[in-house]
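Novice: Following is a predicted model, sequence given first.
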Amino acid sequence: MSTPAAPPAPSPSDSALVHACRRDQLEDRVPVWFMRQAGRSLPEYKRVREGIPMLESCMRPELVAEITLQPVRRYGVDAAIFYSDIMVPLKAVGVDLDIVPGRGPVMGSPVRDEADLAALRPLQPDDVGYVTEAVRLLVAELGGTPLIGFAGAPFTLASYLVEGGPSKDYAKTKAMMVGRPDLWDRLCTALADIAGAFLEVQVDAGASAVQLFDSWAGSLSAADYARYAQPYSARVLQRVADRGVPRIHFGVGTGELLGLMGAAGADVVGVDWRVPLAEASRRVGPAYAVQGNLDPALLGAPWPVLAERVRDVVRSGAEAPGHVFNLGHGVPPDTDPGVLGRVVELVQSEGPQLRASVRERAGLVAAGRP
Ligand SMILES: Cc1c2[nH]c(c1CCC(=O)O)Cc1[nH]c(c(CCC(=O)O)c1C)Cc1[nH]c(c(CCC(=O)O)c1C)Cc1[nH]c(c(C)c1CCC(=O)O)C2
């Protein structure tokens, strides 16, 4: 008699995250991960980063793999997010920039005219061999847990390049955008091609989903977003359209842009805390899953209050055809990791039941699903 075949190893493409992104959310799991889950909120991160500058840390495959795995080990989240930065592909093509602790990306010299565009040569996979290597190491370690690759969207990248560093009003960026649309088009097309190549590298090495961060797109009106940002984000997302991996598209303060962000070529629209997920889902329509959207500032609230807010997010997300639980923006550096652990535990233990009861009451349960 032959021994029965071992059950197939869990595959990231069959994970709760990927199913939720595809809107065939498994009834037994509400997937949860956090933007910026790897990083300064973790003591084990601070320990391994000691004395190593941010950008250098992104170029050491074993360190990248270790930092990416830290929150997966600690919290048991449903996805890993690749440890890198939106500025890494720009650094890789030779742009003079640094990431200054407590401040963010700072340029050696800002991009202001045609001559400055010369710095933005196309990204070749060999420019980021350390990314390929780190993704491969991670995919081997992660087993059934999916790895999310990411890139910065052209508008958000352009804001750092044109301002020269972080900004509150993006005045120089917007002045170029409306005043020099020809230059803006060349800048954002070059950035789209670099960001698209960066996503391709991660997917080719084994990432199971991608997220495009357009963190600062919420500073634009819908009309300006549609004209000056969306076409370039669409160009990035198009690069990985035929790779079979879900595409998540996120920004902050984008309540008025959610439909346009979906239409840029996403499968999942990331939502900050300002718009409830049920309303966000109505704005994007039934062809998209949603991701979000607990207010990160509430992580410091007393647990019973926070727990009820976590349940509210799950209930509101249940009105969408697919929901990936996340914060509305990144984990704040001063977050107590113990609190994030409790959030994961709550979403994983109560999430499926909360979701099922909302969907049953609303008559949203898909007929015939096992
Ligand atoms: C706008 C943006 C950047 N980088 C990123 C975005 C989009 C997301 C968002 O809106 O927050 C994306 C990013 N940056 C980092 C990740 C790693 C993965 C993860 O989410 O856990 C990701 C996905 C690491 C990082 N990127 C950065 C850190 C902190 C640097 C350090 O630890 O020294 C980390 C862990 C630095 C960084 N890099 C950037 C900023 C604004 C900062 C913060 C500056 C500061 O407050 O110190 C640019």
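Specialist: Perfect, I can see it now.

Novice: Can I get stretch 136-149 as PDB, trimmed to CA atoms?
Specialist: Only the C-alpha atoms of stretch 136-149 are listed here, as PDB (Å, rounded to 0.1, in the frame of the first residue of the first chain):
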ATOM      1  CA  ARG A 136      14.700  35.200  -3.400                       C
ATOM      2  CA  LEU A 137      15.900  34.700   0.100                       C
ATOM      3  CA  LEU A 138      12.600  35.900   1.500                       C
ATOM      4  CA  VAL A 139      10.400  33.800  -0.800                       C
ATOM      5  CA  ALA A 140      12.400  30.700   0.300                       C
ATOM      6  CA  GLU A 141      11.900  31.600   4.000                       C
ATOM      7  CA  LEU A 142       8.300  32.800   3.900                       C
ATOM      8  CA  GLY A 143       6.700  29.500   2.700                       C
ATOM      9  CA  GLY A 144       3.000  30.200   2.300                       C
ATOM     10  CA  THR A 145       3.200  33.900   3.500                       C
ATOM     11  CA  PRO A 146       3.000  36.300   0.500                       C
ATOM     12  CA  LEU A 147       5.700  39.000   0.000                       C
ATOM     13  CA  ILE A 148       4.400  42.400  -1.100                       C
ATOM     14  CA  GLY A 149       6.700  44.300  -3.400                       C
END
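
Novice: List the buried residues in that stretch.
Specialist: For stretch 136-149, burial by neighbour count (16 or more other Cβ atoms under 10 Å) applies to 137-139, 142, 145-149. Using the backbone N, CA and C atoms, a C-beta is placed for each residue, glycine as well.

Novice: Closest one of those residues to the ligand?
Specialist: Taking Cβ to the nearest ligand atom as the measure, residue 148 is the one of the buried residues of stretch 136-149 closest to the ligand, at 8.6 Å.

Novice: The residue in the stretch 251-370 of the chain that the ligand sits nearest to: which element?
Specialist: Proximity to the ligand, evaluated over the stretch 251-370 of the chain using Cβ to the nearest ligand atom, is greatest for residue 330 at 4.1 Å. Residue 330 belongs to no helix or strand when elements are defined using DSSP states H and E.

Novice: out of the buried residues of stretch 136-149, who's nearest residue 245?
Specialist: Taking Cβ to Cβ as the measure, residue 245 lies nearest residue 149 of the buried residues of stretch 136-149, at 8.1 Å.

Novice: helix, strand or coil for that closest one?
Specialist: Counting by DSSP: H, G, I helix; E, B strand; the rest coil, the backbone at residue 149 sits in strand.

Novice: Specify the local secondary structure of the nearest residue to it once chain neighbours are set aside.
Specialist: Distance criterion Cβ to Cβ, 6 or more residues apart in numbering; nearest residue to residue 149, sequence neighbours excluded, is residue 202 at 3.0 Å. For residue 202, the secondary-structure state derived from three-state DSSP is helix.

Novice: distance of the closest residue to residue 239 other than its chain neighbours from residue 189?
Specialist: With sequence-adjacent residues excluded and distances taken as Cβ to Cβ, 6+ apart, residue 239 is closest to residue 196, at 3.3 Å. Per Cβ to Cβ, to the nearest Å, residue 196 is found 10 Å from residue 189.

Novice: Overlap in contacts, those two.
Specialist: residue 235 (Cβ atoms under 8 Å, 6 or more residues apart in numbering).

Novice: quick one: which of the two has more around it?
Specialist: Between residue 196 and residue 189, residue 196 has the larger neighbour count (other Cβ atoms under 10 Å), namely 23 against 16.

Novice: The more buried one and residue 236 touch, don't they?
Specialist: Yes. Residue 196 is within contact range of residue 236, at 4.6 Å (criterion: Cβ atoms under 8 Å).

Novice: what do those two both touch?
Specialist: Counting by Cβ under 8 Å, 6+ apart, the residues touching both residue 196 and residue 236 are residue 151.

Novice: just checking, the residue of the stretch 251-370 of the chain closest to the ligand touches residue 33?
Specialist: No. Residue 330 lies out of contact with residue 33 (Cβ under 8 Å); the separation is 11.7 Å.

Novice: For the nearest residue to residue 317 once chain neighbours are set aside, give its distance to residue 161.
Specialist: Closest residue in space to residue 317, ignoring its immediate chain neighbours: residue 323 at 3.3 Å, by Cβ to Cβ, 6+ apart. Residue 323 sits 34 Å away from residue 161, going by Cβ to Cβ.

Novice: higher neighbour count, those two?
Specialist: residue 323 (30 against 27).

Novice: that older thread, who has more neighbours, residue 330 and residue 33?
Specialist: Neighbour count, other Cβ under 10 Å: between residue 330 and residue 33, residue 33 has more, with 24 against 18.

Novice: Excluding chain neighbours, what is closest to residue 119?
Specialist: Residue 119 sits nearest to residue 95 (Cβ to Cβ, 6+ apart), 5.1 Å away.
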